[in-house]
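>>> how would this look folded up:
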Amino acid sequence: MKKVLYIGWIGFGNLGDELLWNVFKELNKHYNYSTKIEIVPSLPGVDINHTEEYDTVILGGGSLLLPGYMAVLKQAIDLGKDVFIWGSGLDWITKEQLDIINSGQSFSLEKTFTEKEIILFRETLEKAAFVGVRGPITKKVLETVGVNSDKIKVIGDPGVLLNPPIVKRKREKIAAINWGTTFNRLYGQDEAAIENALLQVSRKLIKSGYKILLYVVWGSDREASKRLYNKLNDPLNVTYDPSLYSEEELIEKLSVCSLSINFKLHANILSLAGNVPCIALGYRFKVFDLFQSLGLENLVVSTDSDTLALDIMEGIQEIELNNEKIIEQYKKRKEHFSPLIIEPIKNNFTVD
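Residues are numbered from 1 along each chain as shown. A predicted model of the protein is given here:
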């Protein structure tokens, strides 16, 4: 029996990371490898720094392309283990660097990674059995540090495999808003300004006939979301739901909405999975990376914008005009990425 270590930021109550692990787990069940593979998830208490007992190490979905994880993978490779990157992406790229990348200019990562860390990335990924990354901007950055372009496949975020509810419910004029915190580790470093913009947008939506649903995907987001609810002070038109749902439960709840505005990355995937178009608050690199992979980059508004409320309202207008077109675009990208995400699992993590 092959023993596999799945590395993800799991066991900490963050729905995005948990759902990626759940997708991985369910795919393995579906392809009937339960008798061939023993999967050990990197829950708290599992020592990922010692990979001697494993045959294969998987760096799972999420923003896990970080020096610390690269060191773990390098150690596994040096021990002769097969290493797979499965939908992981970069995140901590500055907005200045992101703008340079998107403009097509050459750029340097000296402000983000040390020379030693860049060498670690290059050597680890070159020797990995499979490198499937979340989005095209992640691929561009990895090419810049010297990883062979042919080695890197853009396979998308594994969360795109999530499906809409089986029972289709009637759509209502509800705008779901996911608000929370990253403790100001975001583009613009000003969560108060974002909250103020969401306050303005919510009031405009209510005036135009929308109900507002405030929801969270992480326990630490409750305080910010409740604060926004209190500022709106309109219990007739605004609902605050502090519950932490499973991905299936949340997709079902969102599926009755007309649109959503989301702070956390996978809140957007859950909305789109429920056939609900969304505005993504581009608070860090990973949001832009994901939405470029989906061909929906026009639905991202950067949190460092001086006109954030206006930008969100323009995005809402885009959704109201092109609702079906947006969902069709998402479905096309899902159809494209699904076999790429499934391939390594279907092939039992064998190396070509």
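>>> show me what contacts the residue lying farthest from the centre of the chain?
Largest separation from the mean C-alpha position in the chain: L236, at 32.5 Å (Cα atoms, centre = their mean). L236 makes contact with no residue, according to Cβ atoms under 8 Å, 6 or more residues apart in numbering. Glycine gets a C-beta too; all of them are placed from N, C-alpha and C.
>>> when you give positions from now on, start the count at 33
Yep, numbering from 33; the last one is L268 now.
>>> surely I117 meets A161?
No. Assessed by Cβ atoms under 8 Å, I117 is found out of contact with A161, at 9.1 Å.
>>> neighbour count winner among those two?
Set side by side, I117 and A161 show more neighbours around I117, with 29 against 17, by other Cβ atoms under 10 Å.
>>> Just the helices from the stretch 133-282 of the chain, written as ranges.
Here the stretch 133-282 of the chain has its helices, by DSSP state H, counting those that start in this stretch, at 147-159, 168-176, 223-239, 254-264, 279-286.
>>> And the last one, what's buried?
So that's helix 279-286. Buried residues in helix 279-286, counted by 16 or more other Cβ atoms under 10 Å: E279, E280, L282, I283, E284, K285, L286.
>>> Turn these into CSV, columns for pLDDT.
Putting the buried residues of helix 279-286 into CSV (pLDDT from 0 to 100) gives the following:
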residue, pLDDT
E279, 98
E280, 97
L282, 98
I283, 98
E284, 97
K285, 97
L286, 98
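>>> hey, which helix is longest across this structure?
Secondary structure of the chain per DSSP state H: the longest helix is helix 340-378.
>>> Give me the distance from that one to the chain's centre.
Counting by Cα atoms, centre = their mean, to the nearest Å, helix 340-378 is centred 13 Å from the centre of its parent chain.
>>> Measure how buried G136 is and give me the count.
8.
>>> need the contact list for it.
Applying Cβ under 8 Å, 6+ apart, no residues qualify as near G136.
>>> And D189, by the same measure?
L52, G93, G119, G121, R166, G167, H298, I301, L322, S325, F369 are the contacts of D189 under Cβ under 8 Å, 6+ apart.
>>> quick one: low-confidence parts of the protein?
Applying pLDDT under 70 to the chain flags residues 64-67, 384.
>>> tell me the domain ranges of it?
34-193+367-378, 206-366 (automatic domain parsing).
>>> distance between the ends of the longest one?
This points to domain 34-193+367-378. One end of domain 34-193+367-378 to the other measures 14 Å (Cα to Cα, to the nearest Å).
>>> And for stretch 190-203?
OK, stretch 190-203 end separation, Cα to Cα: 26 Å.
>>> next one: that stretch to chain centre, how far?
17 Å.
>>> ditto for stretch 56-76
Stretch 56-76 sits 21 Å away from the centroid of its parent chain (Cα atoms, centre = their mean).
>>> would you list every one of the strands in the stretch 83-232 of the chain?
88-91, 114-120, 162-165, 184-186, 206-210 (DSSP state E, counting those that start in this stretch).
>>> Please render the ones you listed as CSV that adds distance to M33 to the earlier fields.
Compiled in CSV, those are given as follows (distance: least, Cβ to Cβ, whole Å):
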stretch, distance to M33
strand 88-91, 12
strand 114-120, 15
strand 162-165, 21
strand 184-186, 28
strand 206-210, 40
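>>> between those, which gets nearest to G241?
G241 lies closest to strand 206-210 among those, at 10.3 Å (Cβ to Cβ).
>>> Going by contacts, tell me the helices and strands next to that closest one.
If contacts are counted by 3 or more Cβ pairs under 8 Å, 6 or more residues apart in numbering; DSSP states H and E, strand 206-210 sits against helix 223-239, strand 243-247, strand 291-294.
>>> Just name the most buried of these.
Of all the helices and strands packed on strand 206-210, strand 291-294 has the most neighbours on average by mean count of other Cβ atoms under 10 Å, namely a mean of 25.
>>> Pairing partners for that strand, with directions?
strand 206-210 (parallel), strand 310-314 (parallel) (DSSP bridges).
>>> Switch those over to TSV; also include distance to V192 and mean neighbour count.
TSV is the format used below for the strands paired with strand 291-294 (distance: least, Cβ to Cβ, whole Å; neighbours: other Cβ atoms under 10 Å):
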stretch	distance to V192	mean neighbour count
strand 206-210	18	25
strand 310-314	14	27
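>>> State the distance from the closest residue in space to L326 that isn't next to it in sequence to N46.
In space, and not counting its chain neighbours, L326 is closest to R365: 4.8 Å by Cβ to Cβ, 6 or more residues apart in numbering. R365 sits 24 Å away from N46, going by Cβ to Cβ, to the nearest Å.
>>> Equivalent analysis for D123, please.
Relative to N46, and taking Cβ to Cβ, D123 is found at 14 Å.
>>> What of L313?
Look at L313 and N46: by Cβ to Cβ, they are 17 Å apart.
>>> Over to L194?
Separation of L194 from N46 (Cβ to Cβ): 16 Å.
>>> Next: V248.
11 Å.
>>> These two - which one has more neighbours?
V248 (26 against 20).
>>> Tell me which residues touch the more buried one, please.
N210, W211, G212, R254, S257, D273, P274, S275, L276.
>>> Of the residues you listed, which count as buried by neighbour count?
Buried by 16+ other Cβ under 10 Å: N210, W211, G212, R254, S257, D273, L276, out of those.
>>> so the fifth one touches L246, yeah?
Yes. Look at S257 against L246 with Cβ under 8 Å: they come within range, at 4.9 Å.
>>> Include distance to S337 when you put the contacts of V248 into a markdown table, please.
Below are the contacts of V248 laid out as a markdown table (distance: Cβ to Cβ, whole Å):
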| residue | distance to S337 |
| --- | --- |
| N210 | 18 |
| W211 | 17 |
| G212 | 19 |
| R254 | 26 |
| S257 | 21 |
| D273 | 27 |
| P274 | 28 |
| S275 | 31 |
| L276 | 29 |
